[in-house]
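Asks: build me a model:
(one chain, ligands or ions: 3)
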Amino acid sequence: MNIFVVNSGSSSIKYQFFKMPSVQPVCTGLVERIGQPTAAIIHKVNVNGAEQTVQLSLYLADHEAGMLEIEKLLTDAAIGVIQNPDEIEAVGHRIVHGGEHLSQPTIITDAVKEEIKRIFPLAPLHNPGHYQGIQIAQKLFAKAVHIAVFDTAFHQTLPEKAYRYAIPQSYYDDYGIRVYGFHGISHQYVSGQAAQYLNKPDAKIITIHLGNGCSMSAVKDGKCIDTSMGLTPLDGLIMGTRCGDIDPSVLTFLMQNTGCDGDQLSNLLNKQSGMLGLTGCSDMRDIKALMDSGDTNARLAYDMYAYRIKKYIGAYTAVLNGLDAIVFTAGVGENAALVRQMVCHDMDYLGIRLDEAENEIRRSTTHEINTADSRVKILVIPTNEELEISNQCVELMQNVVCC
Ligand SMILES: Nc1ncnc2c1ncn2[C@@H]1O[C@H](COP(=O)(O)OP(=O)(O)O)[C@@H](O)[C@H]1O
Ligand SMILES: CC(=O)OP(=O)(O)O
Ligand SMILES: [Mg+2]
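Replies: Ligands and ions are numbered 1, 2, ... in the order given. Presented below is the predicted three-dimensional model:
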């Protein structure tokens, strides 16, 4: 089955084309820095085991512009992997927020699209891009079945004590205000890989997904029991442009004292805060360069970023009543050795000891970076949300055909 998977992040589009059941993608790609002055596309094609790479730098205003470029590359006369878009049988779309009603893989109908649109306010950095992505993909791949796979699904196993907020019950009953949790496709994939690596299906694992958006999950017996993002992907860790945990009184204070309204607050906390608010840059590579040049704000931001992760490791070790492994994943988690080093520093009490030399080595597969005497394994595992989505699409299609 020819499956094209689209993973729209807040700042990027990742994509992979699979001829399932083969899990080796025919082509993969990454469109980065959408909306910034220069976006970058890296498109890799696998031709009989040999890899061909195309790199482009251009301005891409939004996710729709990104999708149009991707379609050109897929059908390109020289390096294209299909001749005609109709060869794609299914398109799997990563959808960050499905709200109360959507969490399992779902064939995208007009009603599903409307629901994704209705809850734009719950994922303002993501659902608008997903919606745009679906609209354009439905035009480009008109013959394909389009399937939504939700970031919230893996967190459906949270116990009520973890997913409820301590506000009157009516807000939960009437508005569905609760913790949903996000990056579930990634947390599910890397925790599964870690359990396999440890050869321990009932392992106690903390997964740390650090991309532009950042979140952590506590996973026991393959099930998520707590996670750091909440009603929306704003809560928890410090992120590229999002503040993470904050005293809600900051919002009422700002409303009462500066006269700003809900939209302005949402914009402030989602798009102008986090590392961007602290340093003027949202990309960890740029912030590292600032820090290396002696910028004290960048140093403080790095300290705050790592400190917040440390606090969640402590909390989740308590929640799990023990810890077999912590897993770093996604753009920052896989690539930023300094972040891993700062997070793991002074964690001996919890049995976490980093091998500093091993931490500096970059690998493209599961990599153990703890010392031999560390009680807890420290793993770097490249996430593969696209493969997870592709597998879930195949499962859904098989069920549809069966029933
Ligand atoms: N070599 C690197 N060193 C440090 N950070 C990196 C590196 N490569 C990528 N990143 C970080 O990864 C982030 C993007 O991660 P990714 O998981 O692709 O994000 P998203 O899916 O949220 O768009 C960038 O904002 C950048 O800060
Ligand atoms: C949920 C979320 O924040 O996703 P991303 O990190 O891909 O922006
Ligand atoms: Mg992402």
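
Asks: residues from the stretch 151-300 of the chain in reach of ligand 3?
Replies: Gly211 (Cβ under 5 Å from the ion). Any C-beta I mention is one placed from the backbone N, CA and C, and that applies to glycine too.

Asks: try it again at 8 Å.
Replies: Within the stretch 151-300 of the chain, the positions adjacent to ligand 3 are His183, Ser186, His209, Gly211, Asn212, Gly213 by Cβ under 8 Å from the ion.

Asks: quick check: buried residues in the helix ranked longest in the chain?
Replies: Using DSSP state H, we find that the single longest helix of the chain is helix 296-320. Under the neighbour-count criterion of 16 or more other Cβ atoms under 10 Å, helix 296-320 has 298, 301-302, 305-306, 308-310, 312-313, 316-317, 320 buried.

Asks: just the pLDDT at the residue of the chain at minimum distance from ligand 2, thanks.
Replies: Using Cβ to the nearest ligand atom, the closest approach of the chain to ligand 2 is made by Gly213 at 2.1 Å. Note on Gly213: pLDDT of 94.

Asks: need the contact list for it.
Replies: Gly9, Ser10, Leu125, Phe182, His183, Met229, Pro233, Met239, Gly240, Arg242 (Cβ atoms under 8 Å, 6 or more residues apart in numbering).

Asks: quick one, which of those residues has the minimum pLDDT?
Replies: Ranking these by pLDDT, Ser10 lands last with 71.

Asks: quick check: closest non-adjacent residue to it.
Replies: Leu125 (4.1 Å; Cβ to Cβ, 6 or more residues apart in numbering).

Asks: and the one you found, how many neighbours?
Replies: 21 (other Cβ atoms under 10 Å).

Asks: now swap in Leu198 and tell me
Replies: 16.

Asks: returning to what we had before: turn the residues of the stretch 151-300 of the chain next to ligand 3 into CSV, including secondary structure.
Replies: Listed next are these as CSV, based on DSSP: H, G, I helix; E, B strand; the rest coil:
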residue, secondary structure
His183, coil
Ser186, helix
His209, strand
Gly211, coil
Asn212, coil
Gly213, coil
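
Asks: by neighbours, which of those wins?
Replies: His183 leads those on contacts (other Cβ under 10 Å) with 33 neighbours.

Asks: do you know how far it is from ligand 1?
Replies: 9 Å (Cβ to the nearest ligand atom, to the nearest Å).

Asks: for the stretch 201-350 of the chain, which residue gets nearest to ligand 3?
Replies: Of all residues in the stretch 201-350 of the chain, Gly211 sits closest to ligand 3, at 4.1 Å by Cβ to the ion.

Asks: got a list of what that residue touches?
Replies: Gly9, His183, Gly240, Ala330, Gly331, Val332, Gly333 are the contacts of Gly211 under Cβ under 8 Å, 6+ apart.

Asks: next: Ala301.
Replies: Ala301 makes contacts with Ile238, Met275, Leu278, Thr279, Ile287, as judged by Cβ under 8 Å, 6+ apart.

Asks: which of those residues lies closest to Asp151?
Replies: Ile238 (19.4 Å; Cβ to Cβ).

Asks: just checking, the residue nearest to Ser10 touches Leu269?
Replies: No - Leu125 is beyond contact range of Leu269, at 10.9 Å (criterion: Cβ atoms under 8 Å).

Asks: anything in contact with each of the two?
Replies: Arg242.

Asks: doesn't Val250 lie inside a strand?
Replies: No - counting by three-state DSSP, Val250 is not found in a strand; it is helix.

Asks: neighbours of it, how many?
Replies: If we define neighbours as other Cβ under 10 Å, then Val250 has 13 of them.

Asks: those residues of this protein touching ligand 1, which are they?
Replies: Selection of the chain residues close to ligand 1 by Cβ under 6 Å from any ligand atom yields 9-12, 211-213, 240, 283-285, 330-332, 335-336.

Asks: of the residues you listed, which is the nearest to Thr152?
Replies: Using Cβ to Cβ, the residues of the chain next to ligand 1 come closest to Thr152 at Gly213, 13.5 Å.

Asks: what parts of the stretch 1-150 of the chain come near ligand 2?
Replies: Gly9, Ser10, Val96, His126.
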